[in-house]
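Trainee: got a sequence here, can you model it:
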Amino acid sequence: MDEKITSRENAKIKYACRLASSAAFRRSEGRFFAEGRKLCPELARGAQLETLFYTQTAMDRCPELADLPGEHYLVEDHVADKLADVGTHQGVFGVFRTPVHTMEEVKTGGRYLALEQVQDPGNVGTLLRSAAAFGFDGVILSQGCAGVYAPKTLRASMGAAVRIPVIETGEMPEAVAQLQAKGITCLAAALYRSQPLSAAKAGYPGGVCVVIGSEGQGLTDQTIAACDCTVRIPMTDRVESLNAGIAGSILLWHFRQEDL
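Mentor: Below is the predicted model of the structure:
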(Lines give C-alpha, C1' and ligand atoms only; values in the text may rest on other atoms or scores of the structure.)
Protein backbone atom coordinates (compact mmCIF):
# COMPACT_ATOMS: atom_id res chain seq x y z
CA MET A 1 0.00 0.00 0.00
CA ASP A 2 1.23 3.52 -0.79
CA GLU A 3 2.31 5.69 2.12
CA LYS A 4 -0.43 7.85 3.58
CA ILE A 5 0.03 11.56 4.34
CA THR A 6 -2.26 12.92 7.03
CA SER A 7 -0.58 16.25 7.89
CA ARG A 8 -0.78 19.48 5.93
CA GLU A 9 2.67 20.29 7.34
CA ASN A 10 4.32 17.25 5.75
CA ALA A 11 7.59 18.25 4.02
CA LYS A 12 6.55 16.80 0.66
CA ILE A 13 3.26 18.70 0.78
CA LYS A 14 4.99 21.97 1.66
CA TYR A 15 7.51 21.41 -1.15
CA ALA A 16 4.71 20.82 -3.70
CA CYS A 17 2.84 23.92 -2.55
CA ARG A 18 5.97 26.02 -2.91
CA LEU A 19 6.42 24.76 -6.48
CA ALA A 20 2.83 25.74 -7.24
CA SER A 21 3.20 29.27 -5.88
CA SER A 22 6.73 30.34 -6.84
CA ALA A 23 8.12 30.64 -10.37
CA ALA A 24 11.59 31.30 -8.98
CA PHE A 25 11.44 28.11 -6.92
CA ARG A 26 10.28 26.12 -9.96
CA ARG A 27 13.26 27.40 -11.94
CA SER A 28 15.77 26.71 -9.18
CA GLU A 29 14.44 23.19 -8.60
CA GLY A 30 13.86 22.26 -12.25
CA ARG A 31 10.43 20.94 -11.29
CA PHE A 32 6.79 21.96 -11.49
CA PHE A 33 3.49 21.06 -9.87
CA ALA A 34 0.17 20.22 -11.52
CA GLU A 35 -3.28 19.03 -10.51
CA GLY A 36 -6.12 17.21 -12.25
CA ARG A 37 -7.25 13.66 -13.01
CA LYS A 38 -6.79 14.19 -16.74
CA LEU A 39 -3.95 16.71 -16.68
CA CYS A 40 -1.48 14.74 -14.57
CA PRO A 41 -1.57 11.60 -16.77
CA GLU A 42 -1.33 13.81 -19.88
CA LEU A 43 1.74 15.59 -18.50
CA ALA A 44 3.30 12.25 -17.54
CA ARG A 45 3.43 11.40 -21.26
CA GLY A 46 5.92 14.19 -21.90
CA ALA A 47 7.56 14.99 -18.56
CA GLN A 48 9.01 12.81 -15.82
CA LEU A 49 6.48 12.34 -13.02
CA GLU A 50 8.39 12.13 -9.75
CA THR A 51 5.63 12.26 -7.13
CA LEU A 52 1.90 11.59 -7.33
CA PHE A 53 -0.54 12.60 -4.58
CA TYR A 54 -4.14 11.37 -4.67
CA THR A 55 -7.19 11.04 -2.46
CA GLN A 56 -8.96 7.73 -1.96
CA THR A 57 -11.98 9.06 -3.84
CA ALA A 58 -9.78 9.95 -6.84
CA MET A 59 -8.20 6.48 -6.89
CA ASP A 60 -11.61 4.80 -6.65
CA ARG A 61 -12.78 6.80 -9.68
CA CYS A 62 -9.56 6.41 -11.67
CA PRO A 63 -7.77 3.18 -10.68
CA GLU A 64 -5.47 3.61 -13.69
CA LEU A 65 -3.64 6.26 -11.67
CA ALA A 66 -1.87 3.36 -9.95
CA ASP A 67 -0.02 2.65 -13.21
CA LEU A 68 1.64 6.06 -13.35
CA PRO A 69 5.37 6.24 -12.56
CA GLY A 70 7.03 7.90 -9.57
CA GLU A 71 6.41 7.79 -5.83
CA HIS A 72 2.73 7.57 -4.85
CA TYR A 73 1.14 9.04 -1.74
CA LEU A 74 -2.43 8.72 -0.50
CA VAL A 75 -3.47 12.04 1.06
CA GLU A 76 -6.41 12.84 3.29
CA ASP A 77 -8.98 15.31 2.01
CA HIS A 78 -7.82 18.20 4.16
CA VAL A 79 -4.27 17.71 2.82
CA ALA A 80 -5.59 17.71 -0.75
CA ASP A 81 -7.38 20.98 0.03
CA LYS A 82 -4.01 22.56 0.81
CA LEU A 83 -2.49 21.28 -2.44
CA ALA A 84 -5.40 22.53 -4.54
CA ASP A 85 -5.09 25.74 -6.54
CA VAL A 86 -8.88 26.07 -6.80
CA GLY A 87 -11.66 25.44 -4.30
CA THR A 88 -13.15 22.45 -6.09
CA HIS A 89 -10.43 19.97 -6.98
CA GLN A 90 -10.23 16.42 -8.36
CA GLY A 91 -7.88 14.98 -5.75
CA VAL A 92 -4.93 14.25 -8.06
CA PHE A 93 -1.66 16.18 -7.92
CA GLY A 94 1.83 15.64 -9.30
CA VAL A 95 5.40 16.91 -9.08
CA PHE A 96 7.19 16.71 -12.45
CA ARG A 97 10.70 17.33 -13.69
CA THR A 98 10.74 20.34 -16.04
CA PRO A 99 11.72 19.62 -19.67
CA VAL A 100 14.57 21.83 -20.92
CA HIS A 101 14.80 23.07 -24.52
CA THR A 102 17.14 25.62 -26.13
CA MET A 103 17.43 27.65 -29.33
CA GLU A 104 20.01 25.13 -30.57
CA GLU A 105 17.11 22.73 -31.20
CA VAL A 106 15.49 25.06 -33.76
CA LYS A 107 15.72 23.50 -37.21
CA THR A 108 15.66 24.95 -40.70
CA GLY A 109 12.34 24.23 -42.40
CA GLY A 110 10.38 24.10 -39.15
CA ARG A 111 7.29 25.98 -37.99
CA TYR A 112 7.56 28.05 -34.83
CA LEU A 113 5.50 30.38 -32.69
CA ALA A 114 7.22 33.19 -30.79
CA LEU A 115 5.53 35.15 -27.99
CA GLU A 116 6.79 38.51 -26.76
CA GLN A 117 5.68 39.50 -23.26
CA VAL A 118 2.34 37.68 -23.44
CA GLN A 119 1.49 37.88 -19.76
CA ASP A 120 -1.88 36.19 -19.48
CA PRO A 121 -1.40 32.51 -18.54
CA GLY A 122 -4.67 31.57 -20.23
CA ASN A 123 -3.46 33.00 -23.55
CA VAL A 124 -0.05 31.36 -23.27
CA GLY A 125 -1.64 28.00 -22.47
CA THR A 126 -4.16 28.34 -25.31
CA LEU A 127 -1.40 29.14 -27.80
CA LEU A 128 0.71 26.18 -26.67
CA ARG A 129 -2.31 23.95 -27.24
CA SER A 130 -3.00 25.45 -30.68
CA ALA A 131 0.67 25.16 -31.71
CA ALA A 132 0.67 21.48 -30.80
CA ALA A 133 -2.67 20.91 -32.56
CA PHE A 134 -1.53 22.50 -35.83
CA GLY A 135 1.78 20.66 -36.09
CA PHE A 136 4.23 23.37 -35.06
CA ASP A 137 7.75 22.35 -34.08
CA GLY A 138 8.19 24.59 -31.06
CA VAL A 139 7.23 27.73 -29.15
CA ILE A 140 9.65 30.48 -28.15
CA LEU A 141 8.83 32.73 -25.19
CA SER A 142 10.59 36.02 -24.49
CA GLN A 143 11.24 37.28 -21.01
CA GLY A 144 8.12 38.78 -19.49
CA CYS A 145 5.78 36.02 -20.69
CA ALA A 146 3.57 34.11 -18.28
CA GLY A 147 5.34 31.05 -16.90
CA VAL A 148 4.81 27.89 -18.92
CA TYR A 149 4.61 25.74 -15.79
CA ALA A 150 2.43 28.01 -13.68
CA PRO A 151 -0.77 26.16 -12.67
CA LYS A 152 -3.10 28.38 -14.75
CA THR A 153 -0.93 28.03 -17.88
CA LEU A 154 -0.76 24.26 -17.49
CA ARG A 155 -4.53 23.98 -17.18
CA ALA A 156 -5.08 26.12 -20.28
CA SER A 157 -2.53 24.11 -22.28
CA MET A 158 -4.24 20.78 -21.43
CA GLY A 159 -0.87 19.01 -21.43
CA ALA A 160 0.51 20.67 -24.57
CA ALA A 161 3.18 22.40 -22.46
CA VAL A 162 5.16 19.14 -22.51
CA ARG A 163 4.02 17.80 -25.90
CA ILE A 164 5.75 20.55 -27.86
CA PRO A 165 9.23 21.99 -27.21
CA VAL A 166 8.98 25.30 -25.34
CA ILE A 167 12.08 27.51 -25.40
CA GLU A 168 12.34 30.34 -22.87
CA THR A 169 14.72 33.04 -24.06
CA GLY A 170 15.59 36.69 -23.42
CA GLU A 171 14.81 39.63 -25.72
CA MET A 172 12.75 38.74 -28.78
CA PRO A 173 14.81 40.64 -31.42
CA GLU A 174 17.83 38.48 -30.57
CA ALA A 175 15.72 35.32 -30.88
CA VAL A 176 14.41 36.53 -34.26
CA ALA A 177 18.00 37.00 -35.46
CA GLN A 178 18.85 33.44 -34.44
CA LEU A 179 15.83 32.11 -36.32
CA GLN A 180 16.71 34.09 -39.44
CA ALA A 181 20.28 32.77 -39.29
CA LYS A 182 18.76 29.32 -39.84
CA GLY A 183 16.77 30.51 -42.86
CA ILE A 184 13.45 30.85 -41.03
CA THR A 185 11.15 33.68 -42.16
CA CYS A 186 9.77 35.65 -39.20
CA LEU A 187 6.33 37.22 -39.58
CA ALA A 188 5.28 39.89 -37.08
CA ALA A 189 1.58 40.05 -36.21
CA ALA A 190 0.81 43.78 -36.21
CA LEU A 191 -1.36 46.40 -37.93
CA TYR A 192 1.16 49.06 -38.96
CA ARG A 193 2.45 48.69 -42.55
CA SER A 194 1.14 45.13 -42.68
CA GLN A 195 -0.20 42.89 -45.41
CA PRO A 196 -3.41 40.87 -44.97
CA LEU A 197 -2.94 37.27 -43.95
CA SER A 198 -4.31 36.10 -47.30
CA ALA A 199 -1.25 37.62 -48.99
CA ALA A 200 1.09 35.46 -46.90
CA LYS A 201 0.23 32.17 -48.56
CA ALA A 202 3.54 31.59 -50.32
CA GLY A 203 5.57 28.66 -49.07
CA TYR A 204 8.53 29.25 -46.79
CA PRO A 205 11.03 26.50 -47.63
CA GLY A 206 13.40 27.69 -44.94
CA GLY A 207 10.67 27.58 -42.31
CA VAL A 208 8.36 30.16 -40.75
CA CYS A 209 7.91 31.73 -37.34
CA VAL A 210 4.78 33.64 -36.33
CA VAL A 211 5.65 36.36 -33.78
CA ILE A 212 2.87 37.61 -31.48
CA GLY A 213 2.98 40.41 -28.92
CA SER A 214 1.39 41.17 -25.58
CA GLU A 215 -2.33 41.63 -25.07
CA GLY A 216 -2.17 45.36 -24.37
CA GLN A 217 0.86 46.66 -26.26
CA GLY A 218 1.42 44.19 -29.10
CA LEU A 219 4.94 43.68 -30.40
CA THR A 220 7.70 46.14 -29.61
CA ASP A 221 8.96 48.34 -32.43
CA GLN A 222 12.34 46.63 -32.21
CA THR A 223 10.83 43.19 -32.77
CA ILE A 224 8.67 44.36 -35.68
CA ALA A 225 11.75 45.91 -37.30
CA ALA A 226 13.70 42.69 -36.79
CA CYS A 227 11.07 40.52 -38.51
CA ASP A 228 10.98 39.94 -42.28
CA CYS A 229 7.45 41.31 -42.76
CA THR A 230 4.25 42.15 -40.94
CA VAL A 231 0.87 40.45 -41.32
CA ARG A 232 -2.61 41.18 -39.99
CA ILE A 233 -5.88 39.31 -39.68
CA PRO A 234 -8.58 41.05 -41.74
CA MET A 235 -11.75 41.77 -39.76
CA THR A 236 -14.68 44.17 -39.58
CA ASP A 237 -14.71 47.39 -37.59
CA ARG A 238 -17.21 45.90 -35.12
CA VAL A 239 -14.32 45.03 -32.81
CA GLU A 240 -11.04 46.82 -32.22
CA SER A 241 -8.88 43.74 -31.79
CA LEU A 242 -8.72 40.04 -30.88
CA ASN A 243 -7.02 38.75 -27.78
CA ALA A 244 -3.65 37.06 -28.17
CA GLY A 245 -5.01 33.54 -27.74
CA ILE A 246 -7.62 33.88 -30.50
CA ALA A 247 -5.46 35.90 -32.93
CA GLY A 248 -2.53 33.56 -32.46
CA SER A 249 -4.65 30.46 -33.02
CA ILE A 250 -5.95 31.89 -36.31
CA LEU A 251 -2.39 32.56 -37.46
CA LEU A 252 -1.25 29.11 -36.41
CA TRP A 253 -4.09 27.50 -38.36
CA HIS A 254 -3.14 29.54 -41.44
CA PHE A 255 0.44 28.28 -41.31
CA ARG A 256 -0.44 24.78 -40.12
CA GLN A 257 1.31 21.61 -41.18
CA GLU A 258 0.13 20.93 -44.73
CA ASP A 259 -1.01 17.33 -44.28
CA LEU A 260 -3.38 17.99 -41.39
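
Trainee: does T57 count as helix, strand or coil?
Mentor: helix (DSSP: H, G, I helix; E, B strand; the rest coil).

Trainee: again, but for T88
Mentor: T88 ends up coil, using three-state DSSP.

Trainee: state the distance from it to C62.
Mentor: With distances taken as Cβ to Cβ, to the nearest Å, T88 is found 17 Å from C62. (Each C-beta comes from the backbone N, C-alpha and C, glycine too.)

Trainee: repeat for S157
Mentor: Using Cβ to Cβ, S157 is found at 21 Å from C62.

Trainee: does F53 lie in a helix or a strand, and which?
Mentor: Taking DSSP states H and E as the definition, one finds F53 inside strand 49-54.

Trainee: who's in contact with that strand?
Mentor: The contact list for strand 49-54 (Cβ atoms under 8 Å, 6 or more residues apart in numbering) reads 5, 12-13, 16, 31, 40, 43, 65, 68-75, 79-80, 83, 91-97.

Trainee: what about 7 Å?
Mentor: The contact list for strand 49-54 (Cβ atoms under 7 Å, 6 or more residues apart in numbering) reads 12, 40, 65, 68-75, 83, 91-97.

Trainee: which intervals of the stretch 101-250 of the chain have sub-threshold pLDDT?
Mentor: 201-202 (pLDDT under 70).

Trainee: where along it do the strands fall?
Mentor: Ranges of strands in the stretch 101-250 of the chain, per DSSP state E, counting those that start in this stretch, are 111-115, 138-141, 166-168, 185-189, 195-196, 208-212, 229-232.
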